[in-house]
Every structure is written in structure tokens, then in C-alpha cells.
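> the sequence and its predicted three-dimensional model are supplied below.
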Amino acid sequence: AVIKPIVICTWNFQNASAKAWEVLSANGSALDAVEEGVKVEEADTNNQTVGVGGRPDREGRVTLDACIMDKDANCGSVMCMENIAHPISVARKVMEETPHVILAGKGAELFAYQQGFEKTNLLTEQSRKEWEEWKKESKYETIINIENHDTIGMLAIDANGDIAGACTTSGMGYKMAGRVGDSPIIGAGLYVDNEVGGATATGVGEEVVRTVGSFLIVELMRQGKSPQDACEEGVKRIMKKNEGRKDFQIGFIAVNKNGETGGYCVHPGFTYREFSENGHENKSVESFYN
Ligand code: SD4
């Protein structure tokens, strides 16, 4: 089969997918493409769900989660890390420079400094003000699709046909201190198997962790399901454990080895961005509820 590079990412992250496509079309690796791609969103201070500018936890601290996975099933992850602007790059360093897969909290931050990352204030004026406002009532609830973005999860296939993925988030706004979602957990927020394909998730992480969602979707593709059918089954598996519950959103996207893609979500509103030689498109996704 002819190999056609492709990149997809959760939500309509146009700049991030364009950056990844730039890397892929210059014959770069899928691994470089997903790292460079999601870094665009980590750096964007207007995006309050990823990287710098992300919403803080209840104590006012911005704590970031990210993971990355390559074609050889190497993976790296940082969770609950403060003061570092590009958690995805630290996750890649964990993968490449340590004997470990996950570094958490202060240990992850210390490792980042040792690798030459600079201390950065992640709390923007905007996010600080909104947190002050939130504190007045301290009412915690998850809100569906409020901004039409959330975690960025990205999957790419390069000119060699190799697959890599990355996932990065500031997690739920006003989460409890120390809370970790699905995004830095290999198998939950992201999974790549170079023989089969990859999957990644956005939305309420607790629900994705319960079913090890991304791993499930890749395994379903291994058994012969299309990326679309596998994503649908992934969401249905979650909804089976949450009968009647409507108060959370989850979106999955997936790509298989042939470059076919798919996505599915709980509530309408989730989209994914696809970039290939056929151009780019913001794809709307069917949902469990309508
Ligand atoms: C998480 N999937 O931490 C991420 C993003 C999120 O509401 O904040 N969801 O669960």
C-alpha cells in the first residue's frame, strides 16, 4: 500500500495540526510532528485548557499533564507538573533520557530543570481573575463543550508509515490539588500501536480512565473494527457504566495503519481536525446523545 502521511487532533486546533503537517510534509517523523504540533497549543496563552494560561486547581496552581508515545511503544509522561511551559517536551525527555515512563509533581519539575527547561509562570492574569471569581462560590461542576476545546490529543503517520501520538492538558479547571486525569496515562488518554493504529481522548478524564479508553479502541481496531466503529464502541463502553448520566462529555479520535480516521463523542459539539495531502478539514463527529 502507498503510505500517506496524515495528522489528526482533537477539536478544531487548526494551528497545531498545520504545524504537525509542516513537519510531516518535510519528511519529519511522526514523533517530531506530534510534539511540535501540540506545543503550539501549550504555548497559546488564550487557550485555558492546555499549557501556559491553563486554568489552575482550587488552590490557584496550574498543574499540567502530558504524555507521548512512539512507533516502538516507547512512552513518556509527566503528571501534575508546575512551572514548565512545555510538558509534552518534558514527557519526551522522560521517554528518551530516563529509565522511567512517568515522572510526577516536583520530581517531574526538577527533571525538567535538569534538562534545561526554564521556570515559567503558567498562571495568566485572565485565568487568575476567573479563579478568584470561582472561589466565591467554589462550585465544582464539569461543563460540556463550553469553549469547544479541551485537551489536545494528536496522532500522526509519517512517510515511513510509522505512527506516534501526543496528549497534553491543564486538566479540569479548579480540580482538587493533586488530581490527575486521563491525559498523561498511557492507554487511557493516548495509545499507539504501530501495527494497528492510535487513539486519543478528550473530556472528563475520570470516565476515560475507567475503561482504559484509548487502549480499548486500538485493541478493537486490531480485531478488525474501523477507527469509526472502534471509537463508537469506546464511548458506548463508558456509557454502559453511566446509564442515564448526561453531565459529562468525552470525545475519542482514532487512526489506523491505512490512514483511515474516525471519532465519536457523548454529546454533540466535539470535532477533530484532519490534515493530509488532501488538505485540511474540521470534521464533525456523531454523538451518543443528540
Ligand atoms: C482531563 N481530559 O484532565 C482532561 C481534560 C479535562 O474536562 O479537563 N476534561 O480529564
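Perfect, I can see it now.
> could you use CA atoms for every contact and neighbour count after this?
OK.
> who in the stretch 51-200 of the chain is up against the ligand?
Residues of the stretch 51-200 of the chain that fall close to the ligand, judged by Cα under 6 Å from any ligand atom: Asp150, Thr151, Thr169, Gly171, Met172, Gly181, Asp182, Ser183.
> wait, the fourth one sits on Arg61?
When you say that, I think you mean Gly171. No: judged on Cα atoms under 8 Å, Gly171 makes no contact with Arg61 at a distance of 11.6 Å.
> of the two, give the one with the bigger neighbour count.
Gly171 (34 against 22; other Cα atoms under 10 Å).
> ok so the more buried one is a helix residue?
No: secondary structure of Gly171 (DSSP: H, G, I helix; E, B strand; the rest coil): coil, not part of a helix.
> any figure for the gap between it and Asp182?
Relative to Asp182, Gly171 is positioned 9 Å away (Cα to Cα, to the nearest Å).
> ditto for Thr271
19 Å.
> how far does stretch 3-19 stretch from start to finish?
End to end - Cα to Cα - stretch 3-19 spans 20 Å.
> tell me which residues in it are buried?
Neighbour counts over stretch 3-19 (16 or more other Cα atoms under 10 Å) mark 4-14, 16-19 as buried.
> now stretch 237-256
Arg237, Ile238, Met239, Phe248, Gln249, Ile250, Gly251, Phe252, Ile253, Ala254, Val255, Asn256.
> next, count neighbours for Val204.
23.
> so what's it up against?
With contacts defined as Cα atoms under 8 Å, 6 or more residues apart in numbering, Val204 is in contact with Thr142, Met172, Gly181, Phe248, Gln249, Ile250.
> try it again with 7 Å
Residues near Val204 by Cα atoms under 7 Å, 6 or more residues apart in numbering: Phe248, Gln249, Ile250.
> restricted to strands, list those.
Among these, the ones falling in strands (DSSP state E) are Ile250.
> filtering the contacts of Val204 by proximity to the ligand, which remain?
Okay, of the contacts of Val204, nothing touches the ligand (Cα under 6 Å from any ligand atom).
> from the centre of this protein, point out the most distant residue.
Lys136 (30.5 Å; Cα atoms, centre = their mean).
> now do the SS call for it.
helix.
> I'd like to know how far it sits from Leu123.
For Lys136, the distance to Leu123 - Cα to Cα - is 19 Å.
> inside strands: which ones of the buried residues of stretch 3-19?
Per DSSP E, these map to strands at Ile6, Val7, Ile8, Cys9, Thr10.
> phi and psi next, for the closest residue in space to the third one that isn't next to it in sequence.
Okay, so that is Ile8. Once flanking residues are discounted, Ile8 sits nearest to Glu274: 4.4 Å by Cα to Cα, 6 or more residues apart in numbering. Per-residue torsions, Glu274: phi -120, psi 140 (degrees, to the nearest 10).
> could you do Ile186 as well?
According to degrees, to the nearest 10, Ile186 has phi -60, psi 130.
> how about it: what's its closest non-neighbour residue?
Ile186's closest residue in space is Cys67 (Cα to Cα, 6+ apart), at 7.1 Å.
> give the contact list for the one you found.
Gly76, Ser77, Val78, Ile88, Ala91, Ala166, Cys167, Thr168, Ser183, Pro184, Ile185.
> so what strands line up beside the helix or strand harbouring it?
Using DSSP states H and E, Cys67 falls within strand 64-69. Paired neighbours of strand 64-69 in the sheet (DSSP bridges): strand 75-81 (antiparallel), strand 163-169 (antiparallel).
> where in the stretch 101-250 of the chain is pLDDT low?
Along the stretch 101-250 of the chain, the parts satisfying pLDDT under 70 run over 146.
> and the strands in it?
102-104, 152-157, 163-169, 190-193, 197-203, 250-256 (DSSP state E, counting those that start in this stretch).
> could you say what helices and strands the first one packs with?
Spelled out, that is strand 102-104. For strand 102-104, the contact count by 3 or more Cα pairs under 7 Å, 6 or more residues apart in numbering; DSSP states H and E identifies strand 75-81 as packing neighbours.
> just the fifth one next, same as before
With contacts defined as 3+ Cα pairs under 7 Å, 6+ apart, the secondary structure elements packing on strand 197-203 are strand 152-157, strand 190-193, helix 213-222, strand 250-256.
> in TSV, list those along with distance to Leu31.
Formatted as TSV, the helices and strands packed on strand 197-203 follow (distance: least, Cα to Cα, whole Å):
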stretch	distance to Leu31
strand 152-157	8
strand 190-193	11
helix 213-222	18
strand 250-256	15
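> kind regards, and thank you for your time.
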